[in-house]
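Colleague: Sequence plus the predicted model coming up.
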Amino acid sequence: MKDRFGRTIDYARLSLTSRCNLRCPYCYREETQSEPTDELKPDEIAEIVSVLAELGIQKVRLSGGEPLLRPDLEEIVSAVSKTPGIRETVMTTNAQGLARRLGALKNSGLMRLNISLDSLQAERYRNMNGGSLEEVLSGIDMVIALDMLPLKINCVLLGGINDDEIEGFINMARERPLQIRFIELMPIGKLSIQDLRRDPAEILKSTRGLRLMKSEYPGQPARCWGGPGFRGSIGFIRAFSDPFCRSCNRIRISCEGRIRPCLADDTEWDLRSAIGNPARLKEIIMTAIESKSEKHRFSEGFIPSKFMYCIGG
């Protein structure tokens, strides 16, 4: 399906929970919920995804919060991956506990992952978000062992906090089959982007021998670079300083069943109220897609009313 600006919308990011077991500074919450909120159930997700597929959605990314907090995650993955028309079922995760569940998730139909990793120093990683770096590295090892490649590593650059580790991340791309993606800080959360934002493109100035690679798929947000001596690649996502809105092919659905056409737009529609009525579900989704903004409004000072963990990372 195309939106009113002629963009083909074939990708849905589906948040499974607003809960998270980490406290990343750019995805902030005052306290971590221990109990689920009113999250979509597997059968509700299956119905929504079925209608999405009828409208041309081919790729579904499961996100959160942290999707691994869902004990029924394997059931959800199976339902999504078996939906006629869905060609790709992928997931974004912080990888805390991933290694123990990855085999079952792959057997359920999960194809690939994006893993968030903002430091390669165990103590700094723990101080930044309260998590275990060892868990992340174990998850990466398991992904490679199971040949669930390409594997994308998402690193949000924070000036004065982790930008001294750039060379270490680049070395990971040299030594392992990983796409290291440096992400520009966006104005979602408690951090001041004026003080902390680093332009990922600055990295190219100190890294020689890299060449721009062809995009892997339409709507790819990262510009990727590789070259001799690299088993992987380096990617840059600059949503603030170099927006990719003109090729955006995605919509977002929250864990409570609210569809949001753009990360930087508070307009939402309720899908859950239409569960059991496929025609009404289709109508709401079509309305949301047709209402998708031409571009985000971050440069205008827009700040979403919800933090990233509520919208879906």
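Modeller: Received it, and whenever you're ready, just let me know what you need.
Colleague: Is the residue nearest to residue 244 when sequence neighbours are not counted in a helix, a strand, or coil?
Modeller: The shortest distance from residue 244 to any non-neighbouring residue, by C-beta to C-beta, 6 or more residues apart in numbering, is to residue 221 (5.1 Å). All C-beta spots, glycine's among them, are computed from the backbone N, C-alpha and C. Of the three states, residue 221 takes coil under DSSP: H, G, I helix; E, B strand; the rest coil.
Colleague: pretty sure residue 221 is touching residue 237, no?
Modeller: Yes - contact criterion C-beta atoms under 8 Å: residue 221 and residue 237 qualify, at 5.1 Å.
Colleague: Can you pick out the residue with more neighbours from those two?
Modeller: residue 237 (21 against 18; other C-beta atoms under 10 Å).
Colleague: doesn't residue 183 make contact with that one?
Modeller: Yes - Residue 237 lies in contact with residue 183 (C-beta under 8 Å); the separation is 4.6 Å.
Colleague: show me what contacts residue 12?
Modeller: Taking C-beta atoms under 8 Å, 6 or more residues apart in numbering, we find residue 12 in contact with 49, 52, 57, 59, 60, 61, 250, 251, 252, 253.
Colleague: The one helix or strand it maps to pairs with which strands, parallel or anti?
Modeller: Element membership for residue 12, per DSSP states H and E: strand 11-15. If you go by DSSP bridges, strand 11-15 pairs up with strand 59-63 (parallel), strand 250-253 (parallel).
Colleague: mind listing the strands for the protein?
Modeller: Secondary structure of the chain (DSSP state E): strands located at 11-15, 59-63, 88-93, 112-116, 151-156, 178-183, 211-212, 223-226, 233-237, 250-253, 258-260, 269-270.
Colleague: who wins for proximity to residue 103 among those strands?
Modeller: Smallest distance to residue 103 across the strands of the chain (C-beta to C-beta): 13.1 Å, for strand 112-116.
Colleague: May I have the strands that pair with the closest one, each with its orientation?
Modeller: strand 88-93 (parallel), strand 151-156 (parallel).
Colleague: ok, back up a step: switch the strands of the chain over to CSV; also include distance to residue 27 and mean pLDDT.
Modeller: Listed next are those as CSV, based on distance: least, C-beta to C-beta, whole Å; pLDDT from 0 to 100:
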stretch, distance to residue 27, mean pLDDT
strand 11-15, 12, 97
strand 59-63, 11, 98
strand 88-93, 12, 98
strand 112-116, 9, 98
strand 151-156, 9, 96
strand 178-183, 12, 94
strand 211-212, 29, 87
strand 223-226, 23, 90
strand 233-237, 15, 91
strand 250-253, 15, 95
strand 258-260, 16, 96
strand 269-270, 24, 97
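Colleague: Redo the ones you listed as TSV? Include distance to residue 139.
Modeller: As requested, the strands of the chain are exported to TSV (distance: least, C-beta to C-beta, whole Å):
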stretch	distance to residue 139
strand 11-15	20
strand 59-63	15
strand 88-93	8
strand 112-116	6
strand 151-156	10
strand 178-183	12
strand 211-212	29
strand 223-226	22
strand 233-237	19
strand 250-253	24
strand 258-260	28
strand 269-270	34
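Colleague: Can you tell me which of these is nearest to residue 136?
Modeller: Among those, strand 112-116 comes nearest to residue 136, with 6.5 Å by C-beta to C-beta.
Colleague: residues making contact with the closest one?
Modeller: Strand 112-116 is contacted from outside by 24, 61, 88, 90-95, 98, 136, 139-140, 143, 148-156, 313, using C-beta under 8 Å, 6+ apart.
Colleague: before we move on, the earlier item: let's have the strands paired with strand 11-15 in a markdown table, adding distance to residue 293 and mean neighbour count.
Modeller: Below are the strands paired with strand 11-15 laid out as a markdown table (distance: least, C-beta to C-beta, whole Å; neighbours: other C-beta atoms under 10 Å):
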| stretch | distance to residue 293 | mean neighbour count |
| --- | --- | --- |
| strand 59-63 | 20 | 24 |
| strand 250-253 | 12 | 24 |
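Colleague: could those be laid out in JSON lines, adding distance to residue 2?
Modeller: Formatted as JSON lines, the strands paired with strand 11-15 follow (distance: least, C-beta to C-beta, whole Å):
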{"stretch": "strand 59-63", "distance to residue 2": "16"}
{"stretch": "strand 250-253", "distance to residue 2": "13"}
